[in-house]
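Participant: From the sequence below, what's the structure:
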Amino acid sequence: MIPALFVLYLVVEVATVVWLGSTIGVGWTILLFLATWAIGLWLVRSQFRKVLTQFRDAGQNAASVGGAVADGALVAGGTALLIVPGLVTSVLGLLMLAPPTRRVLRPLAVLLGGRRLAVVTASGAAGAGVYARTRRTTVVDGVVVEDTVVDTGTDPFGSPSTHIVDPFAIEGEIVAPDHPRAQRPDHGQAH
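Facilitator: Below you'll find the predicted structure:
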């Protein structure tokens, strides 16, 4: 699949350059390459700043997080297309960077990003499946002291003392409240 897409990319780019060179001339074609590069560089700089502002505003709950992420993805994709050599990819990159067309493409980016996120979550990647199975369990807070357990209390004679106790581990497993093994003989279902 990837080699076929690469060959398609090469054919489209070469055909576009040959067609433009024969239609408007070699000089104008080179000038068009330079113009898309310069405009793209300016757009990357300005739109990157706007996206950073959107992320900052979203972090302060002053703007939509989804819009900031979609714009960030479109700006990143447009920048990547501008880096790839070719006139067609540069024009597509400019379209992804330009604010008016980005406004039109934003719902598509959210749709594709949401679909990809659903696939990742459904497949259990990065622990998502484990989280889905264990998120309703009870968490017990505690303090971890590495390699040493210090017991403060009183000695056999009633005076305060501190002594080091051999470390120990408590073994067990986390069981979801709705799991059959979570039932207690004294109260029925675990809470």
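
Participant: just checking, what packs against the lengthiest helix in the chain?
Facilitator: Ordering each helix of the chain by length in residues (DSSP state H) puts helix 26-59 first. In terms of contacts (3 or more C-beta pairs under 8 Å, 6 or more residues apart in numbering; DSSP states H and E), helix 26-59 is packed against helix 2-24, helix 65-83, helix 87-97, helix 99-123. In short, each C-beta sits where N, CA and C put it, glycine included.

Participant: Of all those, which one is nearest T53?
Facilitator: Closest approach to T53 among the helices and strands packed on helix 26-59 (C-beta to C-beta): helix 65-83, 9.0 Å.

Participant: list the buried ones in that closest one?
Facilitator: Using 16 or more other C-beta atoms under 10 Å as the test for burial, helix 65-83 gives 67-75, 77-79, 81-82.

Participant: possible to save the residues you listed as a markdown table with distance to M1?
Facilitator: Listed next are the buried residues of helix 65-83 as a markdown table, based on distance: C-beta to C-beta, whole Å:
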| residue | distance to M1 |
| --- | --- |
| G67 | 32 |
| A68 | 32 |
| V69 | 27 |
| A70 | 26 |
| D71 | 29 |
| G72 | 27 |
| A73 | 22 |
| L74 | 24 |
| V75 | 27 |
| G77 | 19 |
| G78 | 23 |
| T79 | 24 |
| L81 | 19 |
| L82 | 24 |
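
Participant: Between those residues, which has the least confident prediction?
Facilitator: On pLDDT alone, G67 ranks lowest of those, at 81.

Participant: which residues does it contact?
Facilitator: By C-beta atoms under 8 Å, 6 or more residues apart in numbering, the residues touching G67 are 54, 58, 106.

Participant: so who does the last one touch?
Facilitator: The contact partners of R106, taken as C-beta under 8 Å, 6+ apart, are 67, 70-71, 74.

Participant: give me the low-pLDDT residue ranges for the protein?
Facilitator: For the chain, applying pLDDT under 70 flags the ranges 114-177, 179-191.

Participant: I'd like to know how many residues surround T89.
Facilitator: 19 (other C-beta atoms under 10 Å).

Participant: what's the spacing between the residue lying closest to it once chain neighbours are set aside and V69?
Facilitator: In space, and not counting its chain neighbours, T89 is closest to L81: 4.7 Å by C-beta to C-beta, 6 or more residues apart in numbering. Distance of L81 to V69, computed by C-beta to C-beta, to the nearest Å: 19 Å.

Participant: Check M96 too.
Facilitator: Using C-beta to C-beta, M96 is found at 15 Å from V69.
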